[in-house]
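In: pasting a predicted model and its sequence here:
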Amino acid sequence: MAKLRQSGEDYLETILILSKKGEVRSIDIANEMNVSKPSVCRAVGILKNGGFIEVDKNGYITFTDEGKETAERIYERHTVLTDWLVGIGVDEDTAAKDACQLEHSFSSESFEKLKSHIRTFHNKPAATQK
């Protein structure tokens, strides 16, 4: 499995989000990310060659098993970080934008520790939180 850059991770995350709504084509990705079709075509080629996605003869994009696992891991980072930032008082739009930057910066170890800390803190009764 090839190592992804931040933009590749963003494309995988977008494909995952779109796939939850239905079938995904390059034009859907371009519209969602507000990027050009040639940019999407290049990214799709890289993701396909990297073994993350498959594209059928009609242009529909689906994940390989490894691609879906990678996309879900990226999306989890995004949602956990967004929720955490909102929880400490950051407005939702800013939190989502900041989470998008942060999700690419954390090591797996640091993210797992942060996620564990967040779960521990949020699972405590309100009276014990300070």
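Out: Done, it's in. What you see is a predicted model, and the numbers here were worked out from it, not measured in a lab.
In: low-scoring stretches of this protein, by residue?
Out: Scanning the chain for pLDDT under 70 picks out the ranges 1-3, 122-130.
In: now the end-to-end length of stretch 85-99.
Out: In stretch 85-99, first residue to last residue: 8 Å (C-alpha to C-alpha, to the nearest Å).
In: and for stretch 33-40?
Out: Length of stretch 33-40, first residue to last, C-alpha to C-alpha: 9 Å.
In: tell me where this structure has helices.
Out: Using DSSP state H, the helices assigned to the chain run over residues 6-19, 26-33, 37-49, 65-87, 92-102, 108-123.
In: of those helices, give the one that comes closest to residue 59.
Out: Of all the helices of the chain, helix 26-33 sits nearest to residue 59, with 6.4 Å by C-beta to C-beta. No exception for glycine: its C-beta is placed from N, CA and C like everyone else's.
In: may I see the buried residues of the closest one?
Out: 26, 28-30, 32-33 (16 or more other C-beta atoms under 10 Å).
In: with stretch 43-54 instead?
Out: So, applying 16+ other C-beta under 10 Å, buried residues of stretch 43-54: 43-44, 46-47, 50, 52-53.
In: which one among these gets closest to residue 113?
Out: Closest to residue 113, out of all of the buried residues of stretch 43-54 and judged by C-beta to C-beta, is residue 52, at 26.6 Å.
In: please name the nearest non-neighbouring residue to that closest one.
Out: Using C-beta to C-beta, 6 or more residues apart in numbering and skipping the chain neighbours, the partner closest in space to residue 52 is residue 67 (3.4 Å).
In: hang on, that neighbour packs against residue 55?
Out: No - counting by C-beta atoms under 8 Å, residue 67 stays clear of residue 55, with 11.6 Å between them.
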